[in-house]
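>>> Here is my input, please return the structure:
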Amino acid sequence: MLITRDELALHPITVDETYPAGEIDERGGRFHQAQPLEVHALAELSGLEIRIQGRLETRLEVECDRCITLMEYPVKRNFDLYYRPVSSIAREEEIEISRDELDVAFYSGEGIELADLVREQVILSLPMKIVCQPDCRGLCPICGTNLNWETCQCQRLENESPFASLRGQ
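Below is the predicted model of the structure:
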C-alpha cells in the first residue's frame, strides 16, 4: 500500500492492514514472521510532512544469540513517524538540522510504502541481543554442545586471562 501526499491532501488515511505470516521476513534471515502481522494506523498531512501514527503486533521466530535455539518473540510496537520529501533538503551545501528535525525521516517519489515502514518498525523493535532466557548458558566453544540442555566434558581454562599469552613476551 502506497501512502501518497496527493491522497492525504484530500483526506486522512486509516490503515487496517494484515500481512500474512512470512511476508515481512527480514531479507538477511535474522527473523521469520511466525503469525499474521496486524497494523492499525492513521496517516495525515501536516504541512509538508506526512505523519503516520499507529500500532503493529505479531510474533517472530528468531534464534537465540547465545545458544541458537529457535524461539518465538512477541512484537507490539506503537509508532509516531514524520516524513518529509527528500527534495526539501536537497542542497549542495551542508546544513545543520535542529534537534526537532532528528525524528523526521525522508521519502522520495510519490509517497511512503507501508510494507517498508512496517518492516523497519519490526526491526527496530528487536533488541540488540535476543536470548531465550536471561540465564542462557549458550554453546560450548569447544564442542558446540548446548549448555542449557546438557553438560560437556571439555576442558576449559576458567581462571586464565585471555591476555595470559602476552605475559611471556
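
>>> rest of the way, CA atoms for contacts and neighbours
Will do.

>>> what about the residue most central in space within the chain, which SS state?
Computing the C-alpha centroid of the chain and ranking residues by Cα atoms, centre = their mean puts Ile123 first, at 1.0 Å. Here Ile123 is recorded as helix under DSSP: H, G, I helix; E, B strand; the rest coil.

>>> Quick check: next helix or strand after the helix or strand bottoming out on mean pLDDT in the chain?
Of all the helices and strands that make up the chain, strand 104-107 has the lowest average by mean pLDDT, DSSP states H and E, namely a mean of 82. Sequence order places strand 111-113 as the next helix or strand after strand 104-107, per DSSP states H and E.

>>> in its sheet, what does that following strand sit against?
Taking DSSP bridges as the criterion, strand 111-113 pairs within the sheet with strand 2-4 (antiparallel).

>>> who's in contact with the very next helix or strand once past the strand it pairs with?
Next along the chain after strand 2-4, taking DSSP H and E as the criterion, comes helix 5-10. Applying Cα atoms under 8 Å, 6 or more residues apart in numbering, the set of residues contacting helix 5-10 from outside is 43-45, 50, 110-111.

>>> tell me which residues of helix 5-10 are tucked away?
Of the residues in helix 5-10, those buried under the neighbour-count criterion (16 or more other Cα atoms under 10 Å) are 5, 8.

>>> Dump the C-alpha coordinates for it into PDB.
Presented in PDB, the C-alpha positions along helix 5-10 are these (Å, rounded to 0.1, in the frame of the first residue of the first chain):
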ATOM      1  CA  ARG A   5       0.800  13.200  -0.400                       C
ATOM      2  CA  ASP A   6      -1.900  13.700  -3.100                       C
ATOM      3  CA  GLU A   7      -4.300  11.300  -1.400                       C
ATOM      4  CA  LEU A   8      -3.600  12.800   2.000                       C
ATOM      5  CA  ALA A   9      -4.300  16.300   0.700                       C
ATOM      6  CA  LEU A  10      -7.900  15.100   0.100                       C
END
